[in-house]
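>>> Turn this into a structure:
(chains A and B)
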Amino acid sequence: MKNQEHEKRAGLGTMRNLLLLFILATSFLTSAFADPLLIGVFPRRDAAVTAKIFRPLSRHLEKTLQRPVKLEMSPNYDIFLKRLEERRYDLVHFNQFEYINAHDKLGYDALVQNEEFGEKTISGAIYVHRDSGIKRIEQLRGKNILFGGGPRAMMSYIVPIYLLREAGLNKGDYQESYAVNPPNAVLATFLKRADAGGAGEVIRRLPIVTSKIDVDKLELIAISQPLPHLPWAVKEEMTVALKQRIRDLLLGLSDSQEGKDILQQARLSAFNPVADRDYDAHREIINTIYAH
Amino acid sequence: MPIKEDNPKQHKIPLIYRRSLRFRFIFWISIVLLFTLGGAALYIYNTQQDLLEGSLRSKANAIGRFIALISPDAIYAYDVTMLDRFVKQISNDVDVRFAQIRSFEGQPITTYLPDNVNTEQIDLWVKQRNTLIKQPDGITAKLITLEFAIRDNEEIMGWVLVGLDTSRMTLITRDVLIQLFSIYGAIVLFLGSIIFVIFKLQVLHPVGALTRGASRVADGVLDQEVPVYTNDEIGHLANSFNDMMEEISLDREALIGTNKRLAEEIEHRREATDELKKLSLAVEQSPASVVITDLKGYIEYVNPKFTEVSGYSSHEVIGKHTRMLSAENKDSTQFKGMWDKILAGEVWKGEFCNQRKNGDRYWESAVIAPIRSENGETTHYLAVKEDISDRKAFEERLLEQATHDQLTELPNRFLAFDRLKQLLQHAKRHHQHVAVIYIDLDNFKNINDSMGHPVGDQLLIQVAKRIKDQLRSEDTLARLGGDEFLALIPDVKSISIDLERVVTRLLAATETPFLLNSREVNITSSLGIAVFPDDGTDVSTLMSNADMAMYEAKHAGRNTFKFFTREINKKVSERMALESQLSHALEAGELYPVYQPIVRVEDGSLIGAEVLLRWDNKELGIVPPSEFIPIAEQSGLIRPITDWLFSEILEHAHAWYQRPEQFWLSVNVPPIYFCDTTFNKTISHIARQAAKIELGLCIEITENLLLHNDKEVLHNFHHLEKLGITSAIDDFGTGYSSLAYVKRFPLNHLKIDRSFINGLPDDTDNRVLTETIALMGKKLGMTIIAEGVETQAQASFLKRLNVDFAQGYYYAKPMHRRDFETYLSGSPQQQVGS
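Presented below is the predicted three-dimensional model:
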């Protein structure tokens, strides 16, 4: 009798363990086999750099979210846009212009924004070589202006164009050239490959620029108002919890050394909260440019 | 083995070759290795330089082209960062000094530049293309600037500039070179060491063993072989060396003998060479004339002495025949004999009478010898000649001297005998008589001694002249020596007449006084004549017989001549026999003195004794003094006999203790001895001996001594006086002296001859003579001694005459020593020691 009872107890224990194991396994497997959180970053930088700077972040998220997080680089802007349009990314970082489009058309919500070099905002500017003799933006008429980005580049094109428009220079009053990225626009301007360069104001303070040229030989003949920084957005259908979670994680990076390291690696000083409405100024600038 | 440092020849050998084999091996191996490996290193260096530069260029080309290839997009995209990365990437290459991308217009479109490089520098380098730059570390390197076009299809968009810095390459090359040299040096050292060790083991060690072996061989050690280590060439060499050493050892013995003979031969040849040199010099400098002729007598060589002697220079005689020199008959026997001898290959010696160039004749002593070639054939004749003119003259003088008496210039005895021989031969052939006259001057010695030899010589010269003047030209007068002359009278026709006439003249020639040094000197001669063939047929017989005849003439009283007769021969023979016996009498002890006492006439007391000599010959018996005393005087034996007599009587007298006071012995001294120059010395010695024994001496001399009348005799008498020796005239009255002579000499005693005593007192004449003599003697202060007192009457007579002393049989006969000793002891008067 005792033996039978003992055997029964043993059997129950075993089943309990097995169940617990199953649950854990299921939970693991659920987690393991859950869809990875796909992070997309617009090709502000080349893919290798992008991957390098943001992979720690993605790992952190993966670790903290306990879910796969995949950082996907796009080799070029077109592919990024294509993937964006496919709403491939769960979490995406892009410029303001792309956010606005993504928000308006694709249903992405701004979650956080960059803080770079301790600055929560960013401005666009037009650079000239100090030796060029160009002191005013108006002198850019008929000049070659090298923009740091294409028509979708917020700080390197759209805002500088806005500055030109504001100065009464319309399309055709100047020549447009496009550098591969804003620092190159500044560098090329320094190298006098263009009469002026359009890029974010912060570009001149970037190490990649300061390490190469004497930025004192550059002059900003036009600077825009400070605008919210580049955002990070998530799909609107992302669960609030997850949004919140992600948001908290991103915002909380500056609270830990590990987070600071991740931020530093990402070439960010912090993430700051942001709402969609913060980008209304951008909308205005965009509408000004592209409305005409 | 290095050459000894003190070898003067070493200075001619380069320094490197003076070192040891070991050093030279190491040195040359090192040189070779250094040069070869160094050359290789240098080649490698240069090659590497080229390769490195080429590689550099290739790399730069590759990179530059590649960058140029990939730059267009970045250029188009204004991708400065990309382009910077490109250039940075290029610049990161260690060999790239700079890289820059420029626009087509040449404007830089990259911002990256390496440190210490600016765009202006790049502009300069681009212009210079290849330039040298000095690096901070001091290395000067070449900067190669390359340009690569960035093309977009055919359009050049820009340039990729690459500046290649060859400093690394240079450094690499330098380091490689250093490493290379270090490695090569280590290799050289290692290889050299290995090679040296191998060389040392394989070569030096065996060579050293060989060297030591050779040293041992040099030291004469031939029994220690060189060890053979290998079977290679050196081993074979060692074996060969050992074999050689064995052979050397075997040959050594033979070589020792050979060497010895060789050394002797060498020495002989050296001596011969020296001799030859000497001979050559000797010939040239010879004090003798040397003439070399051909086989026919034609002169080929003459030495300087020949020229000096003959007056002919060499060129005057060379080619001429030797007969041109001769002053004698060219075909003379001598020449013929000479030629016969030398043609026969013999050496000829002889004398020539040659003629000098000036015509003077001179004598030469020559030795002519054939000169033979190596095969023994006579090729020349060698004449060595000596001018003997002086010698000839000297010889003639010598001959003259040898055959002539220097003083009188008469032929001497040798020439005389030679001429006599020739005369005898001639006389024999022609049946003629030859007279040999022996002439002896009487008492010449006294004159010579008393007047001196120069005077004696002058006398002889004058005597010789006088005698010669008495002879014919064909006669020969020779001086035999001393005072002896020999006259040879050939072809005597009549002995009794002619010869006696000659002899008389010769005798008269010496009778006339000679004037010598302003003094007249009287001399006579005694002549002995022997006639060939009557008195002898050969030289010695004739001479002997003539001598005997002369001797007889002497004996006959001198100043006379005697022809040799048999009686003379007999007498002379007897006399010579006696003389011969007498000459041994002293040695034989046959002579002895006897003493006849001399007494005072007044009282008959003994005052002295006369010493009389007696001779008792074992063959002849007692020989009367009258016979042997003259012989002794003539033969000269009287001197030693007299000396002996003095010595004998002194010895006897020494033992006579009972001599009366002032006892003296009276000794007869012959005139010839008294006048002898040694007499004074002898008598002085005798006087000292006599004085020691307190013995008085008296010298009795004959009356004829006083006839000498010369200073020497007087001097001798005075000498006797000084010595305390008395003198007495013996046999006074029988000689030829006169009172004048007696007065001149310091005589002590006068002894009246026995002939005057005999017959006293009855013989009137004798009485008168005796009285006269006694009176004269007293008047002259002399004591009178009467001899031969035999009777009382005579003694009484003498006593009445106051004659001082007397001797004779009346008082005592002459007695032997011992008898006289007894007599002395029994003497009634004062006796010494009684």
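>>> Quick check: bridge partners of residue B:698?
residue B:666, residue B:726 (DSSP bridges).
>>> Any figure for the gap between it and residue B:713?
17 Å (CB to CB, to the nearest Å). To be clear about C-beta, it is placed using only N, CA and C from the backbone, and glycine gets the same treatment.
>>> now swap in residue B:318 and tell me
Taken as CB to CB, the span from residue B:318 to residue B:713 is 76 Å.
>>> the more surrounded of the two?
Neighbour count, other CB atoms under 10 Å in any protein chain shown: between residue B:318 and residue B:713, residue B:713 has more, with 22 against 16.
>>> Next, that one: secondary structure please.
Under DSSP: H, G, I helix; E, B strand; the rest coil, residue B:713 falls in the helix class.
>>> Also residue B:812?
Three-state call for residue B:812 (three-state DSSP): coil.
>>> from what I can see it touches residue B:822, true?
No: the criterion here is CB atoms under 8 Å, and residue B:812 misses it with residue B:822 at 11.2 Å.
>>> between these two, who's got more neighbours?
Shown here are residue B:812 and residue B:822; by other CB under 10 Å, residue B:812 has more neighbours (20 against 13).
>>> ok, now which ones touch that one?
Shown in contact with residue B:812 (CB atoms under 8 Å, 6 or more residues apart in numbering or on different chains): B:596-597, B:599, B:823.
>>> Tally up the residues packed near residue B:264, please.
10.
>>> In which helix or strand does it reside?
Using DSSP states H and E, residue B:264 maps to helix B:233-285.
>>> What of residue B:299?
If you go by DSSP H and E, residue B:299 is part of strand B:299-302.
>>> helix or strand right after the helix or strand harbouring residue B:608?
Using DSSP H and E, residue B:608 sits within strand B:606-617. For strand B:606-617, the following helix or strand on the C-terminal side (DSSP H and E) is strand B:621-623.
>>> List the buried residues for that following strand?
Using 16 or more other CB atoms under 10 Å in any protein chain shown as the test for burial, strand B:621-623 gives residue B:623.
>>> Summarise which helices and strands that strand is packed against.
helix B:566-588, strand B:606-617 (3 or more CB pairs under 8 Å, 6 or more residues apart in numbering or on different chains; DSSP states H and E).
>>> Please identify the most buried of the ones you listed.
With neighbours defined as mean count of other CB atoms under 10 Å in any protein chain shown, the helices and strands packed on strand B:621-623 peak in mean count at strand B:606-617, which reaches a mean of 22.
>>> Tell me the strands beside it, with direction?
Taking DSSP bridges as the criterion, strand B:606-617 pairs within the sheet with strand B:591-600 (antiparallel), strand B:621-623 (antiparallel), strand B:664-668 (parallel).
>>> which of those sits most buried?
strand B:664-668 (a mean of 23).
>>> Show me how far that strand is from its chain's centre.
From the chain centre to the centre of strand B:664-668 is a distance of 59 Å (CA atoms, centre = their mean, to the nearest Å).
>>> before we move on, what about stretch A:175-195?
Relative to the chain's own centre, stretch A:175-195 is displaced by 22 Å; criterion: CA atoms, centre = their mean.
>>> Would you mind giving the domain segments of the chain?
Here I'm looking at chain A. Residue ranges for the domains of chain A, per automatic domain parsing: A:34-120+A:228-280, A:124-224.
>>> my question was about chain B
Under the assignment automatic domain parsing, the domains of chain B span B:40-178, B:286-394, B:410-564, B:581-825.
>>> any idea of the mean pLDDT in the third one?
The predicted model assigns domain B:410-564 a mean pLDDT of 88.
>>> end-to-end on that domain?
By CA to CA, to the nearest Å, the extent of domain B:410-564 from end to end equals 25 Å.
>>> Spell out which helix or strand contains residue B:797, please.
helix B:792-800.
>>> What's the separation between the residue in the stretch 101-250 of chain B that chain A sits nearest to and residue B:85?
Going by CB to the nearest CB, chain A is nearest to residue B:111 of the stretch 101-250 of chain B, at 4.0 Å. Distance, residue B:111 to residue B:85, using CB to CB: 11 Å.
>>> more neighbours, these two?
Under the neighbour definition other CB under 10 Å, residue B:111 and residue B:85 were set side by side, and residue B:111 has more, 21 against 15.
>>> isn't the more buried one right next to residue A:210, touching?
No: the criterion here is CB under 8 Å, and residue B:111 misses it with residue A:210 at 10.9 Å.
>>> Check the contact lists of those two and give me the overlap.
The overlap between the contact sets of residue B:111 and residue A:210 (CB under 8 Å, 6+ apart) is empty.
>>> any chance of the strands paired with strand B:606-617 in CSV, plus distance to residue B:442?
Formatted as CSV, the strands paired with strand B:606-617 follow (distance: least, CB to CB, whole Å):
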stretch, distance to residue B:442
strand B:591-600, 28
strand B:621-623, 26
strand B:664-668, 22
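>>> can you list those strands in CSV and add distance to residue B:694 and mean pLDDT?
Formatted as CSV, these follow (distance: least, CB to CB, whole Å; pLDDT from 0 to 100):
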stretch, distance to residue B:694, mean pLDDT
strand B:591-600, 17, 94
strand B:621-623, 33, 90
strand B:664-668, 10, 94
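>>> List, one by one, the residues from chain A near chain B.
Contact residues (CB under 8 Å from any CB of the partner chain) of chain A with chain B: A:146, A:177-181, A:183-185, A:187-188, A:190-194, A:208, A:212-213.
>>> one more time with 6 Å, if that's ok
A:146, A:179-180, A:184, A:187-188, A:191, A:212-213 (CB under 6 Å from any CB of the partner chain).
>>> Among those, which lie within helices?
For those, the ones inside helices are A:184, A:187-188, with DSSP state H as the criterion.
>>> Minimum pLDDT in the residues you listed, which residue is that?
For these, the pLDDT minimum is residue A:184, 89.
>>> OK, contacts around the residue lying closest to that residue once chain neighbours are set aside?
Closest residue to residue A:184 apart from its sequence neighbours, by CB to CB, 6 or more residues apart in numbering or on different chains: residue B:80 at 4.6 Å. By CB atoms under 6 Å, 6 or more residues apart in numbering or on different chains, the contact list for residue B:80 reads A:184, A:187-188.
>>> hang on, the earlier thing: what's the first helix or strand after the helix holding residue B:264?
strand B:289-293.
>>> Any buried residues in that next one, and which?
Across strand B:289-293, burial judged by 16+ other CB under 10 Å covers B:289-293.
>>> can you check stretch B:334-346 too?
B:334-335, B:338, B:341-342.
>>> what do you get for stretch B:138-157?
Across stretch B:138-157, burial judged by 16+ other CB under 10 Å covers B:141-146, B:148, B:150, B:157.
>>> average pLDDT across the host helix or strand of residue B:148?
Following DSSP H and E, one finds residue B:148 within strand B:140-152. Strand B:140-152 shows a mean pLDDT of 85.
>>> packing partners for the helix or strand following that strand?
Using DSSP H and E, the helix or strand that follows strand B:140-152 in sequence is strand B:155-165. Secondary-structure packing of strand B:155-165 (3 or more CB pairs under 6 Å, 6 or more residues apart in numbering or on different chains; DSSP states H and E): helix B:21-76, strand B:96-103, strand B:140-152.
>>> for the chain, which spans come out with low pLDDT?
Picking chain A for this. Within chain A, the stretches with pLDDT under 70 are A:1-34, A:292.
>>> think we crossed wires, I meant chain B
Within chain B, the segments meeting pLDDT under 70 span B:1-11, B:135, B:139, B:328-331, B:495-497, B:567-569, B:571-573, B:707-710, B:733-741, B:827-834.
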